[in-house]
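Student: Using only what follows, build the 3D model:
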Amino acid sequence: MAEENQDEDLGQEVFLDDQTEEDTSSTETDEPVSDAQVADAAARVEEGEDNLEDYSASVQKRIGKLTAKLREAERQGQEATTFAQQVFEENKKLKGRMEKLDTGYMSEYGARIEAQIGAARKAYKEAYEAGDTDAMIQAQESLARATTDKDRYEHAKKRAEDRPQQAAPEATSAQAQQPAYQQTQQQQPAPQQQTDPKAQSWAENNPWFGQDEVMTYAAFGIHRKLVEEEGFDPQSDEYYNAIDQRMRREFPHKFSEPKSSKKSQVAPAGSSASRSTKQGRKSVKLSPSQVAIAKKLNVPLEEYAKYVKD
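Tutor: Model prediction:
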C-alpha cells in the first residue's frame, strides 16, 4: 500500500502522438497559391518589402519564373522600340534622297525641253529665211512636240510642288502669317536644289533622256527600283553605272555599236553585287529577344538583322 502511494506521488510520463499538428501544418503549407498572389509577392520582393526566403520553395520558383517573363517582355519591348526607331530613320533618309533626286531630274528635264523649244524655233526661222518648206514643217512638228512635253512637265512640276503643301497645311498657313522678308529668307535655300553635277553629266552623255519618252520613263522606273528596293546611293557612281547597264539591257537596239567601251564603264556596277554578297555573308547574331520580336512583327530575320548594330 505504501508503494502504491509512492507511485502516485511520482506521477507517470505519458507520450502523446502530435501527428495531428504536423498534418495541420502540412495542410497549411500546401494551400494553393493563386497567380495573382504570386504576382503580388513578386512585386513586394522586387520593391524590397519582402525577402524571397520568406516564401516556400514552390512559391519562390513561381516568383522566379514570373520575374523572368517580365524581364523578357521588357527586353522585347525595348527591341521593338529600337527597331521601329531605326526603320523610321532609314525611311526618313530614303525619302530625303528621293525628294532631292526627283527635284534634280525634274530640273534637268525642264532645261532639256526649253533647249528643244529654242532649237525648234531657231530651225524654223532659218528654214523660213531660206524658203525651205520641208524644213519649216519639220521645225513646226518639233516645236509642237516640245511644247506638248513642256505642258506635261509643268503639270508634273505643279503636282510635285503641291505635295508638301498638302502634307503640311498648318506649316503653310504659318508661313503666310510671317513677314515678307522672313518668307524671302526661307525661300532662299531653293536655289540649292540645283541639278547634281553627276546627274548633269549623265544626262549630257545620254541624249535620249528627255527626248525619247519611253526610255525616259523607263529610266525613272529603274531609278526608283535602285533607290527604294536595292538601297543604292543616288549620288554615287555605282548608281549611274547601274542605270546605264540596265538601260542597255532593256533597249539594246537604241544604243550604237561600240557597246564594248560602254560596258567597260558600267562594269563597276558589278561591285554592287559583290557588295551585297559580302553583306549577305556577314554574320549577325540575334538574341532570343530579337528573334521573338522579329517574329511578332512578321519581319524576316535577314531583314531584321540589317537593323541590328554590332
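Student: What residue, apart from its backbone neighbours, is nearest Thr67 spatially?
Tutor: Of all residues not flanking Thr67 in the chain, Ala42 sits nearest, at 5.8 Å (C-beta to C-beta, 6 or more residues apart in numbering). For every residue, glycine as well, the C-beta is placed using N, CA and C.
Student: give me the element that neighbour is part of.
Tutor: Taking DSSP states H and E as the definition, Ala42 sits inside helix 35-46.
Student: Touching that helix from outside, list them.
Tutor: Helix 35-46 has contacts (C-beta atoms under 8 Å, 6 or more residues apart in numbering) with Asp50, Asn51, Leu52, Tyr55, Val59, Arg62, Ile63, Leu66, Thr67, Leu70.
Student: cool, and stretch 218-230?
Tutor: With C-beta under 8 Å, 6+ apart, stretch 218-230 has contacts from 94, 97-98, 101, 105, 209, 232, 234, 239, 242-243, 246-247, 250-251, 272.
Student: same thing with stretch 108-121?
Tutor: 139-140, 142-143, 145-147, 149-150, 153, 157, 195, 199-200, 203, 209-211, 216.
Student: any idea of the mean pLDDT for that stretch?
Tutor: If you average the pLDDT over stretch 108-121, you get 88.
Student: likewise stretch 42-60?
Tutor: Stretch 42-60 comes out with an average pLDDT of 75.
Student: the longest helix in the protein is where?
Tutor: Taking DSSP state H as the criterion, the chain has its longest helix at helix 57-130.
Student: which among the contacts of helix 35-46 end up buried?
Tutor: With neighbours counted by 16 or more other C-beta atoms under 10 Å, the contacts of helix 35-46 contain buried members at Asp50, Tyr55, Val59, Arg62, Ile63, Leu66.
Student: could these go into TSV alongside distance to Gln37?
Tutor: As requested, the buried ones among the contacts of helix 35-46 are arranged in TSV below (distance: C-beta to C-beta, whole Å):
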residue	distance to Gln37
Asp50	12
Tyr55	10
Val59	8
Arg62	10
Ile63	10
Leu66	11
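Student: Who are the contact partners of Gln211?
Tutor: Arg112, Gln116.
Student: How much space separates Lys198 from Thr147?
Tutor: Counting by C-beta to C-beta, to the nearest Å, the gap from Lys198 to Thr147 is 30 Å.
Student: same check, this time on Glu250
Tutor: For Glu250, the distance to Thr147 equals 28 Å [C-beta to C-beta].
Student: Quick check: which ranges of the stretch 51-200 of the chain have low pLDDT?
Tutor: Residues of the stretch 51-200 of the chain meeting the criterion pLDDT under 70: 100-101, 163-196.
Student: all helices of the stretch 101-250 of the chain, in order?
Tutor: Applying DSSP state H, counting those that start in this stretch to the stretch 101-250 of the chain gives helices spanning 133-167, 169-176, 180-187, 197-205, 213-224, 237-250.
Student: just the angle between the fifth one and helix 57-130, please?
Tutor: With axes from the mean of the first three to the mean of the last three C-alpha atoms, to 10 degrees applied, the angle from helix 213-224 to helix 57-130 works out at 150 degrees.
Student: Buried residues, helix 213-224. List them.
Tutor: Buried-residue list, helix 213-224, by 16+ other C-beta under 10 Å: Met215, Thr216, Ala218, Ala219, Ile222, His223.
Student: Now do that helix against helix 237-250, angle only.
Tutor: Using the same axes, to 10 degrees: helix 213-224 against helix 237-250 is 140 degrees.
Student: mind putting the helices of the stretch 101-250 of the chain in CSV, distance to Ala305 included?
Tutor: Listed next are the helices of the stretch 101-250 of the chain as CSV, based on distance: least, C-beta to C-beta, whole Å:
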stretch, distance to Ala305
helix 133-167, 32
helix 169-176, 37
helix 180-187, 41
helix 197-205, 32
helix 213-224, 25
helix 237-250, 23
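Student: Pick the most buried one from these.
Tutor: helix 237-250 (a mean of 18; mean count of other C-beta atoms under 10 Å).
Student: what helices or strands is that helix leaning on?
Tutor: For helix 237-250, the contact count by 3 or more C-beta pairs under 8 Å, 6 or more residues apart in numbering; DSSP states H and E identifies helix 197-205, helix 213-224, helix 259-266, helix 270-281 as packing neighbours.
Student: Export only the CA atoms of whatever helix or strand comes next after the last one, formatted as PDB.
Tutor: Stepping forward along the backbone from helix 270-281, the first helix or strand reached (DSSP H and E) is helix 288-296. These are the backbone C-alpha positions of helix 288-296, laid out as PDB (Å, rounded to 0.1, in the frame of the first residue of the first chain):
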ATOM      1  CA  PRO A 288      16.300  35.400 -78.200                       C
ATOM      2  CA  SER A 289      14.500  38.700 -77.600                       C
ATOM      3  CA  GLN A 290      15.400  40.000 -81.000                       C
ATOM      4  CA  VAL A 291      14.200  36.700 -82.700                       C
ATOM      5  CA  ALA A 292      11.000  36.900 -80.800                       C
ATOM      6  CA  ILE A 293      10.200  40.500 -81.700                       C
ATOM      7  CA  ALA A 294      11.100  39.900 -85.300                       C
ATOM      8  CA  LYS A 295       8.600  37.000 -85.400                       C
ATOM      9  CA  LYS A 296       5.900  39.200 -83.800                       C
END
